[in-house]
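Visitor: Turn this into a structure:
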Amino acid sequence: MATQHPDNAQGPYWDTDDGFVAVHEEPEECVSSFRDLGVQEFMWDWEGKYADESVIEKLLSQHFEYFKKNPLGKKKFLTFRLPNVWQEKGYSLIRALMVILTSEDLAEDVRFKDRPLFEAILPMTERAEQLLYIQRAFQKLARFKSKVFSHRKNHNTEYVEIIPLVEGVEHQTKVGELLAKYLRLHKRIFRKKPLYVRPFLARSDPALVSGLTANVLANKIALSDIYDFGQRYDVAVYPIIGAGGLVFRGGLTPARAKKFAAEYAGVRTVTIQSAFRYDNPLTEVKKALRYLERHLQRRAAVRIPRSERAALLKVMRIFSKMYQSTLPRLIKDVSPIFAAVPRRRERRQHIGLLSYGRRVGKKSLPRAISFTAAFYSVGVPPEFLGTGRALLALTDKERDLLKKYYRYFTDDLIEAGKYLNRENLEGLARGNPAWKAVAEDIALTEKYLGVRFGPRADRELLHRNLTSQLLLQRKSQKDVSRLIVETGKLRKSLG
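Guide: Predicted structure coming up:
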């Protein structure tokens, strides 16, 4: 599933002028992802950004022959990511649902057999009732439209499949309960079971709030619970995971596709974000996509027995607590860097009437991409926050459990460690002693893993040098922004 996540450092292969993708370019971007890369699904994001409401008209009118051979809703899929009306204002939700309905009308008029849009993603799903609310709202809207606009002979389909995007680690570890309740409510309201469910597990925002390791372990517990749910209630399940390129946000790159597929066994759809598509050579992108298409479907999820679940939850809580106790004291030093991360899409800002945000304690956080870009660009990858002290707090049995269920824990930290700038960390610690805890985390993690973090290859050494420049020039937002882009090109992802 190609997405519009703005994590690319370089310009797209179809427009190399800069890294910014304007709203009017997104329909062509979608077609290119289908036609040139061979992805099967494209997420059309209405959450926190401006979305082109005429997307279906543009796709079918400008690329009619392509979609005649590769019909939307059958061979290629466009999936709306709706705004969550419990977190942000609902203006876009109403428009998005109307586009789903009117797109069905258009498809009928041009004699396409399949409904172009039939699924939608609900971000930040916390309760089963939220999923049913959207489905009931869509049903009522479809009936209202048919009643008011009675000039059309055909009525709209009144049902839309809803994909729950589950974000917080505490919600991911309870996804089985959420799905079971959704099933009960669905049967009561629609008098039938859903044909399938595609639970969507986040890998960016939960890391932002709870740290890398807690997020990964929550993903593993959730995958086990999703398949338990499917088996118990005889419902087909097709889990999705949303992963960016840097380890903190998922670690899915063309070079690491095999490891990713093995780490997240049981996942059936993965997000191919902007950095994956635009910050890597096109031949490598296509090769990795072919690998994922072949191998994701073959891997069974690792099931977690009840005898180990409680201990794994405890490990998760230890990592989360250490991360959350560390981060708030660092925010003031990195906030100017957050603000300098260049925009890559026409997103709404985290302020004002249309905003919503993430928090750790009382501290407001930026979006996960800006957060990750800032920490990497000062040479302190956020993967290490709280990690060493959490490892120290575990028992030997708990460490064994961590190794068992986080297969590439060591590899992931070594990958992140390539971008460590020790001199920058020492300089930050002189200005704010809270950074000493991060230095302790790194030292403890090195001791536990038996490695020494730091750059080795020329690209990594250059990255370190540029992060040193950035810290020296941090009072100039223009220079910082330029250096974030340059370092992002070297790590093949903005954030």
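
Visitor: buried stuff in stretch 33-43?
Guide: 33, 34, 37, 39, 41, 42, 43 (16 or more other C-beta atoms under 10 Å). Placement of C-beta: from N, CA and C, glycine included.

Visitor: I figured the second one hits residue 70, correct?
Guide: To tie it back to what came earlier, the one meant is residue 34. Yes: using C-beta atoms under 8 Å, residue 34 makes contact with residue 70 at a distance of 6.8 Å.

Visitor: quick one: common contacting residues for the two?
Guide: Residues touching both residue 34 and residue 70 by C-beta atoms under 8 Å, 6 or more residues apart in numbering: residue 76.

Visitor: one step back: in TSV: the buried residues of stretch 33-43, plus secondary structure and distance to residue 453.
Guide: Shown next, in TSV, are the buried residues of stretch 33-43 (DSSP: H, G, I helix; E, B strand; the rest coil; distance: C-beta to C-beta, whole Å):
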residue	secondary structure	distance to residue 453
33	helix	35
34	helix	40
37	helix	34
39	coil	34
41	strand	37
42	strand	37
43	strand	34
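
Visitor: which two in the residues you listed are spaced the farthest apart?
Guide: Greatest spatial distance in the buried residues of stretch 33-43: 37 and 43, 14.1 Å, computed using C-beta to C-beta.

Visitor: now, which of the buried residues of stretch 33-43 sits nearest residue 456?
Guide: residue 37 (31.2 Å).

Visitor: What does the pLDDT read for residue 337?
Guide: We have a pLDDT of 97 for residue 337.

Visitor: What separation is there between it and residue 153?
Guide: 58 Å (C-beta to C-beta, to the nearest Å).

Visitor: Low-confidence regions, the chain specifically.
Guide: For the chain, applying pLDDT under 70 flags the ranges 89-90, 348-359.

Visitor: how far away is residue 382 from residue 374?
Guide: On the measure of C-beta to C-beta, residue 382 and residue 374 end up 9 Å apart.

Visitor: who's more crowded, the two?
Guide: Using other C-beta atoms under 10 Å as the criterion, residue 382 and residue 374 rank with residue 382 on top: 29 against 25.

Visitor: Now for the residue nearest to that one when sequence neighbours are not counted: which residues touch it?
Guide: Nearest non-adjacent residue to residue 382, counting by C-beta to C-beta, 6 or more residues apart in numbering: residue 375, 4.3 Å away. Residue 375 makes contact with 248, 334, 381, 382 under the criterion C-beta under 8 Å, 6+ apart.

Visitor: Please apply the same query to residue 239.
Guide: 198, 199, 200, 201, 222, 223, 226, 266, 267, 268, 269, 301.

Visitor: Out of those residues, which end up buried?
Guide: Buried members of these, scored by 16+ other C-beta under 10 Å, are 198, 199, 200, 201, 222, 223, 226, 266, 267, 269, 301.

Visitor: Residue 279 against residue 490, yeah?
Guide: No: shown here, residue 279 and residue 490 do not form a contact pair, counting by C-beta under 8 Å, at 9.8 Å.

Visitor: ok, now which ones touch the residue nearest the centre of the chain?
Guide: In the chain, the residue lying closest to the centroid (C-alpha atoms, centre = their mean) is residue 242, at 3.5 Å. When contacts are counted by C-beta under 8 Å, 6+ apart, residue 242 touches 3, 165, 200, 201, 202, 203, 204, 250, 271.

Visitor: Go ahead and confirm the last one touches residue 41.
Guide: By that I understand residue 271. No: counting by C-beta under 8 Å, residue 41 is not a contact partner of residue 271; they are 9.4 Å apart.

Visitor: Domain boundaries for the protein, per the record?
Guide: If you go by automatic domain parsing, the domain ranges for the chain are 23-298, 330-385+418-491.

Visitor: Reformat these as CSV; add distance to residue 397.
Guide: Formatted as CSV, the domains of the chain follow (distance: least, C-beta to C-beta, whole Å):
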stretch, distance to residue 397
domain 23-298, 15
domain 330-385+418-491, 15
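
Visitor: show me what contacts the spatially closest residue to residue 24 that is not a sequence neighbour?
Guide: Distances taken as C-beta to C-beta, 6+ apart put residue 52 closest to residue 24, at 7.1 Å, once the chain neighbours are dropped. By C-beta under 8 Å, 6+ apart, the contact list for residue 52 reads 23, 24, 26, 27, 58.
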